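> What would the 3D arrangement of this be:
(chains A and B, ligands or ions: 3)
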Amino acid sequence: MPRRVDRNACLSCGGCAGVCPSLAIRLEYGYRLVVDPERCTDCGLCTVFCPAGAIREA
Amino acid sequence: MQDRYDVVVVGAGPGGSSTARSAAEHGAEVLLLEKRSEIGAPKRCGEGLSVRALAELGIEAHPRWCVNEIWGAKIVAPNGKSLEVRYPEQVGWVIERKMFDKHLAVMAARAGAEVRTRCEVVDVLRRDGGVRGVVVESGGERFEVEADVVVAADGVESKVARWAGINALHRLEDVDSAYQYEMVVELDNSDMLELYFGNSVAPRGYVWVFPKGRDVANVGIGIGGNVAKDTAKAYLDRWISSNPRYRRGSVVEVNAGAVPVGAPLERLVGNGIMLVGDAAHQVNAIHGGGVFEATFAGRIAGRVAAEAVERGDTSEAFLSRYAEEWRSLRGEALNRIYRLRRAIERLSDDDLNFLADVLEAEDVVAFANGERLGKLAKILMRKPHLIMAAKELM
Ligand SMILES: Cc1cc2nc3c(=O)[nH]c(=O)nc-3n(C[C@H](O)[C@H](O)[C@H](O)COP(=O)(O)OP(=O)(O)OC[C@H]3O[C@@H](n4cnc5c(N)ncnc54)[C@H](O)[C@@H]3O)c2cc1C
Ligand code: SF4
Ligand code: SF4
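Ligands and ions are numbered 1, 2, ... in the order given. Here you go, the predicted structure:
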């Protein structure tokens, strides 16, 4: 299962994309976060990192 | 936009704009691509920059981006004891990153680089063991742009380098989770940076108050996400609600961020590719300052990229000239500062209180710049349980 993003809490910092070992996160045009379900291995690092608590288990 | 350039720089932060400007000034045909619609916004920064750094970079201290003078610092230990230093002259600026970053991009354009916003690089074009261009998405279209050299200045996301096969992943333990409010708040000192330490306040980090004017400040926090029990936002909100003055403050902007606090990458180049700034983990691991580091590295990278194009040799071997020059000027200092971060991370609140008793604020400021570390090591050696921390510094 990929991660779920709470778009109201996400502030588009890009940090989750930087710690994602699977290159599964794209911050489209710098604002809109998208997790690629094909690539995500559900390791959870993005969730531990997120300063805003915006990315969680689906 | 053409379908081929000498140099394509990805990301118009300070690192990318500085690289693009320098490459253009040295004669290369340069394209600078930024995926956001506004360069520098939203900011991901406390906006502190030293007077020395600005001078070293040769950037004018224009009032549009240099918005507040800093003359000293106040450092508060977990037990509330505070160390203060006020220098006889101005030592820093709080800048307006949105203006500053845009100015650097304007300078790149004036030097001859073509600058494009809302152009997102979504992949690289590969060649044997390297890169020969990028894949761009813009306005719903996808196209290829060829380049002799691609510069990965894409900040903490560091994806361009990873697409090219260079391991630029940020390890969770080497990146701080940050949250920040720009607040309108009553300040005691609008010309002092304030830093609050303590493992319950900010595990493996601190709360900062960087004044942008008489009654406006960036109030932020950086913590180690992997060692903290809660989100950076939750820690910062707790700190603010326990301070009546800040609790009453208004919020005019909110930011989140990722601060690389690891060692700079060993590998800064490949065939046809160079890494600059946060993407290369070129930051001060103690205070998280990366504006100077990215801009400084970019100047060297841009020049070497232009030289490589002119020689017709954009191999990893030639581009390594950038890595070597950068390492001799900044690499050693940043590695030393990284070791200091590793040492400090071992300290409990009691240890931090002990340091606040024996140190002066000037020492702390010097440590953050990688200076006087011998002195710190000696002090740590006085406590048997801190010998391991002291060894990190030797
Ligand atoms: C909360 C916080 C506080 C900080 N405080 C300070 C401070 O007080 N002083 C200081 O000096 N430093 C500070 N820093 C660090 C500083 O902000 C960074 O080190 C600096 O911005 C690095 O510059 P850069 O050019 O490498 O990357 P960035 O400034 O991050 O620029 C990278 C650019 O690349 C773009 N990009 C990314 N991917 C793509 C793509 N695929 N295609 C096109 N464009 C792309 C991004 O949108 C971005 O604009 C702080 C950082 C944080 C998070
Ligand atoms: S780390 Fe959190 S706030 Fe930052 S981009 Fe990812 S989901 Fe958004
Ligand atoms: S769970 Fe792991 S693989 Fe999936 S998006 Fe988050 S960091 Fe990437």
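> For the stretch 101-250 of chain B, which residues are neighbours of ligand 1?
Residues of the stretch 101-250 of chain B found near ligand 1 (C-beta under 6 Å from any ligand atom) are B:E120, B:V121, B:A153, B:D154, B:G155, B:V156, B:E157, B:K159, B:A178, B:Q180, B:G220. Heads up, the C-betas are built off the backbone N, CA and C, glycines and all.
> quick one: which of these sit in strands?
With strands defined by DSSP state E, the entries of those inside them are B:E120, B:V121, B:A178, B:Q180, B:G220.
> nearest spatial neighbour of the fourth one, skipping sequence neighbours?
Pointing back at B:Q180 there. B:G220 (3.1 Å; C-beta to C-beta, 6 or more residues apart in numbering or on different chains).
> where exactly do the helices run in chain A?
Remark: helices assigned in chain A by DSSP state H are A:15-19, A:45-49.
> Hmm, I typed the wrong one, I wanted the stretch 151-300 of chain B.
B:159-163, B:232-241, B:244-247, B:291-311 (DSSP state H, counting those that start in this stretch).
> Remind me what the first one packs against, helices and strands.
Right, the one you point to is helix B:159-163. strand B:120-127, strand B:141-152, strand B:273-275 (3 or more C-beta pairs under 8 Å, 6 or more residues apart in numbering or on different chains; DSSP states H and E).
> try 10 Å
Packed against helix B:159-163 by the contact rule (3 or more C-beta pairs under 10 Å, 6 or more residues apart in numbering or on different chains; DSSP states H and E) you find helix A:15-19, strand A:25-28, strand B:4-10, strand B:120-127, strand B:130-138, strand B:141-152, strand B:273-275.
> Save the ones you listed as TSV, and put in distance to B:K98 too.
Putting the helices and strands packed on helix B:159-163 into TSV (distance: least, C-beta to C-beta, whole Å) gives the following:
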stretch	distance to B:K98
helix A:15-19	20
strand A:25-28	18
strand B:4-10	20
strand B:120-127	20
strand B:130-138	22
strand B:141-152	23
strand B:273-275	25
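> Now render these as a markdown table, adding mean neighbour count.
Converted to a markdown table, those look like this (neighbours: other C-beta atoms under 10 Å in any protein chain shown):
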| stretch | mean neighbour count |
| --- | --- |
| helix A:15-19 | 29 |
| strand A:25-28 | 20 |
| strand B:4-10 | 26 |
| strand B:120-127 | 18 |
| strand B:130-138 | 21 |
| strand B:141-152 | 21 |
| strand B:273-275 | 30 |
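> Might you enumerate the residues of chain A proximal to ligand 1?
So far as C-beta under 6 Å from any ligand atom goes, chain A lies against ligand 1 at A:G30.
> B:R336 versus the residue in chain A positioned nearest to chain B, what's the distance?
Of all residues in chain A, A:G15 sits closest to chain B, at 2.8 Å by C-beta to the nearest C-beta. Distance, A:G15 to B:R336, using C-beta to C-beta, to the nearest Å: 25 Å.
> swap in B:R118?
Taking C-beta to C-beta as the measure, B:R118 falls 40 Å from B:R336.
> and what of B:E137?
40 Å.
> cool, B:E146 as well?
B:E146 is 40 Å from B:R336, by C-beta to C-beta.
> Then B:V7?
Distance from B:V7 to B:R336, counting by C-beta to C-beta: 32 Å.
> can stretch B:89-109 be found next to chain A?
No - contact of stretch B:89-109 with chain A (C-beta under 10 Å from any C-beta of the partner chain) is absent, the minimum separation being 12.6 Å.
> export that stretch as PDB, just CAs?
The C-alpha coordinates for stretch B:89-109 follow below in PDB (Å, rounded to 0.1, in the frame of the first residue of the first chain):
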ATOM      1  CA  GLU B  89      30.100  45.400  14.800                       C
ATOM      2  CA  GLN B  90      27.300  44.000  12.800                       C
ATOM      3  CA  VAL B  91      27.900  40.300  12.100                       C
ATOM      4  CA  GLY B  92      24.800  39.100  10.200                       C
ATOM      5  CA  TRP B  93      21.700  39.800   8.200                       C
ATOM      6  CA  VAL B  94      18.300  38.400   8.200                       C
ATOM      7  CA  ILE B  95      17.500  38.300   4.500                       C
ATOM      8  CA  GLU B  96      14.200  38.000   2.600                       C
ATOM      9  CA  ARG B  97      14.800  34.700   0.700                       C
ATOM     10  CA  LYS B  98      12.100  35.400  -1.900                       C
ATOM     11  CA  MET B  99      13.900  38.600  -2.900                       C
ATOM     12  CA  PHE B 100      17.400  37.200  -2.500                       C
ATOM     13  CA  ASP B 101      16.800  34.000  -4.500                       C
ATOM     14  CA  LYS B 102      15.000  35.900  -7.300                       C
ATOM     15  CA  HIS B 103      17.900  38.400  -7.400                       C
ATOM     16  CA  LEU B 104      20.400  35.600  -7.900                       C
ATOM     17  CA  ALA B 105      18.200  34.200 -10.800                       C
ATOM     18  CA  VAL B 106      18.100  37.700 -12.300                       C
ATOM     19  CA  MET B 107      21.900  37.900 -12.100                       C
ATOM     20  CA  ALA B 108      22.100  34.600 -13.900                       C
ATOM     21  CA  ALA B 109      19.800  35.900 -16.600                       C
END
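> I'd like the average pLDDT over it.
For stretch B:89-109, mean pLDDT rounds to 98.
> Report the distance from it to the chain centre.
14 Å (C-alpha atoms, centre = their mean, to the nearest Å).
> So for it, what gets flagged as buried?
B:91-105, B:107-109 (16 or more other C-beta atoms under 10 Å in any protein chain shown).
> Stretch B:366-382 now?
B:A366, B:F367, B:A368, B:N369, B:G370, B:L373, B:L376, B:A377, B:I379, B:L380.
> Also stretch B:75-86?
Of the residues in stretch B:75-86, B:I75, B:V76, B:A77, B:P78, B:L83, B:V85 count as buried by neighbour count, 16+ other C-beta under 10 Å.
> same check, this time on stretch B:171-184
B:L172, B:D174, B:V175, B:D176, B:S177, B:A178, B:Y179, B:Q180, B:Y181, B:E182, B:M183, B:V184.
> Looking at the second one now. What's its pLDDT?
Right, B:D174. 96.
> and the residue of chain B nearest chain A?
B:A258 (2.8 Å).
> dump the residue contacts of the nearest residue to that residue once chain neighbours are set aside.
Nearest non-adjacent residue to B:A258, counting by C-beta to C-beta, 6+ apart: A:G15, 2.8 Å away. A:G15 is in contact with A:25, A:27, A:46, A:49-52, A:55, B:44, B:155-157, B:170, B:172, B:175-178, B:225, B:232, B:256-260, counting by C-beta atoms under 10 Å, 6 or more residues apart in numbering or on different chains.
> If we use 6 Å, what do you get?
By C-beta atoms under 6 Å, 6 or more residues apart in numbering or on different chains, the contact list for A:G15 reads A:F49, B:V156, B:A258.
> where does chain B dip in pLDDT?
Low-confidence segments of chain B (pLDDT under 70): none present.
> close enough to count as contact, B:V7 and B:E29?
No - B:V7 is not in contact with B:E29 according to C-beta atoms under 6 Å; the separation is 7.3 Å.
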